[in-house]
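Novice: Only the shape, not the letters, is given here:
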């Protein structure tokens, strides 16, 4: 199969121990895994991945619950959508492709999966780049009105089933414009990618899975993070965040991450939240320099 956003990549579906993961793979060289955020899919890397493929073997996946990856049934603890379960998927995918160690770049929800992966599988992650996040537990423990206002969806999507699913599902066109309108207007996203991303609010299965992702983030993920409160990321870490993202403008992002990692550098970049699509050339320069 061929992905229209990645004409020179191969599209694959790999069966893990739990579910099937959709991905594209291309290039030659050391392996690098790209993990997308909400409410997107592997498509978000289409401006970055082809250039990285000149030097690396690039794997861009859909997280479980998103895009064309499997959408398992949940449980009362939301474990099937925990970052621990999602991280295991990615480790198994890379092992199936023949990669026991690799570099990881994660954005948004994918960065949270990557953070958990670096803690649970430290011998597999060589270097780690996280885009526009702070640790989940830190954010919940330090939430104030400003953060809750800018990141209102965190507190909406975690409401018990079926409240957010029903409200979004019954107004999917409105939600699509509310979420993606500013991004499309900025020129950062092509209309075709917006159509692809809109599945997150228009496809009932993806919508439910994405809510479960956030419910897990507010419950079982926090339990896992508290259990590992003293654990630190051992591999080299680069953290980049959008200087135009109002949620982080009052926070000392690098200082917070230095409490969670042994070897970390980072800075704000001239972007909003969607760094890979807003400033791909700058992101590529940062990735290549760090790696």
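Specialist: Sure, I can see it. Note that the coordinates shown come from a computational prediction; the quantities given were computed from them, not determined experimentally. Numbers count the residues shown, from 1 in each chain.

Novice: what separates stretch 216-223 from the chain centre, distance-wise?
Specialist: The chain centroid and the centroid of stretch 216-223 are separated by 16 Å, computed with CA atoms, centre = their mean, to the nearest Å.

Novice: what about residue 149, how many neighbours?
Specialist: Other residues within reach of residue 149, judged by other CB atoms under 10 Å, total 10. The way it works is simple: take the backbone N, C-alpha and C, and place the C-beta from them, glycine included.

Novice: Please read the previous query as pertaining to residue 234.
Specialist: Going by other CB under 10 Å, the residues that sit close to residue 234 add up to 15.

Novice: Excluding residues flanking it in the chain, which one is nearest it?
Specialist: Using CB to CB, 6 or more residues apart in numbering and skipping the chain neighbours, the partner closest in space to residue 234 is residue 122 (5.1 Å).

Novice: pretty sure that neighbour is in contact with residue 235, am I right?
Specialist: Yes - here residue 122 reaches residue 235: they are 6.9 Å apart, a contact under CB atoms under 8 Å.

Novice: measure the residue nearest the centre of the chain to residue 163 for me?
Specialist: Residue closest to the mean C-alpha point of the chain, counted by CA atoms, centre = their mean, is residue 110 at 1.9 Å. The spacing between residue 110 and residue 163, counted by CB to CB, to the nearest Å, is 25 Å.

Novice: ok, now residue 147?
Specialist: 22 Å.

Novice: same thing with residue 199?
Specialist: As for residue 199, its distance to residue 163 is 21 Å (criterion: CB to CB).

Novice: more crowded one of these two?
Specialist: The residue with more neighbours, out of residue 199 and residue 163, is residue 199; 19 against 13, by other CB under 10 Å.

Novice: That one reaches residue 205, doesn't it?
Specialist: No - with contact defined as CB under 8 Å, residue 199 does not count as touching residue 205 (9.4 Å).

Novice: What score does residue 1 have for pLDDT?
Specialist: Residue 1 carries a pLDDT value of 64.

Novice: circling back to that earlier point, neighbours of the residue lying closest to the residue nearest to the centre of the chain once chain neighbours are set aside, just the number please.
Specialist: Nearest-residue entry for residue 110: residue 35, 2.9 Å, with adjacent residues in sequence omitted and distances by CB to CB, 6+ apart. Other residues within reach of residue 35, judged by other CB under 10 Å, total 29.

Novice: can you tell me which residues contact residue 35?
Specialist: 61, 63, 90, 104, 105, 106, 107, 110, 111, 113, 114 (CB atoms under 8 Å, 6 or more residues apart in numbering).

Novice: what about 6 Å?
Specialist: 106, 110, 113, 114 (CB atoms under 6 Å, 6 or more residues apart in numbering).

Novice: Also residue 47?
Specialist: Going by CB under 6 Å, 6+ apart, residue 47 touches residue 280.

Novice: what do you get if the cut-off is 7 Å, keeping everything else the same?
Specialist: 276, 277, 280 (CB atoms under 7 Å, 6 or more residues apart in numbering).

Novice: Give me the local confidence score for it.
Specialist: For residue 47, the predicted pLDDT is 96.

Novice: do the one 10 residues further on as well
Specialist: Reading off the confidence values, residue 57 has pLDDT 98.

Novice: Could you do residue 183 as well?
Specialist: So residue 183 comes in at 80 (pLDDT).

Novice: What's the separation between the residue nearest to residue 148 when sequence neighbours are not counted and residue 110?
Specialist: The shortest distance from residue 148 to any non-neighbouring residue, by CB to CB, 6+ apart, is to residue 155 (6.2 Å). Distance, residue 155 to residue 110, by CB to CB: 21 Å.

Novice: And for residue 196?
Specialist: 16 Å.

Novice: now swap in residue 195 and tell me
Specialist: Taking CB to CB, one finds residue 195 at 21 Å from residue 110.

Novice: ditto for residue 72
Specialist: 18 Å.

Novice: List the residue ranges of this structure that fall below the pLDDT cut-off.
Specialist: For the chain, applying pLDDT under 70 flags the ranges 1.

Novice: Kindly recompute the last result at 90.
Specialist: 1-4, 176-191, 249-250 (pLDDT under 90).

Novice: which one in it is furthest away from the centre?
Specialist: Distance from the C-alpha centroid of the chain, by CA atoms, centre = their mean, peaks at residue 170 (25.9 Å).
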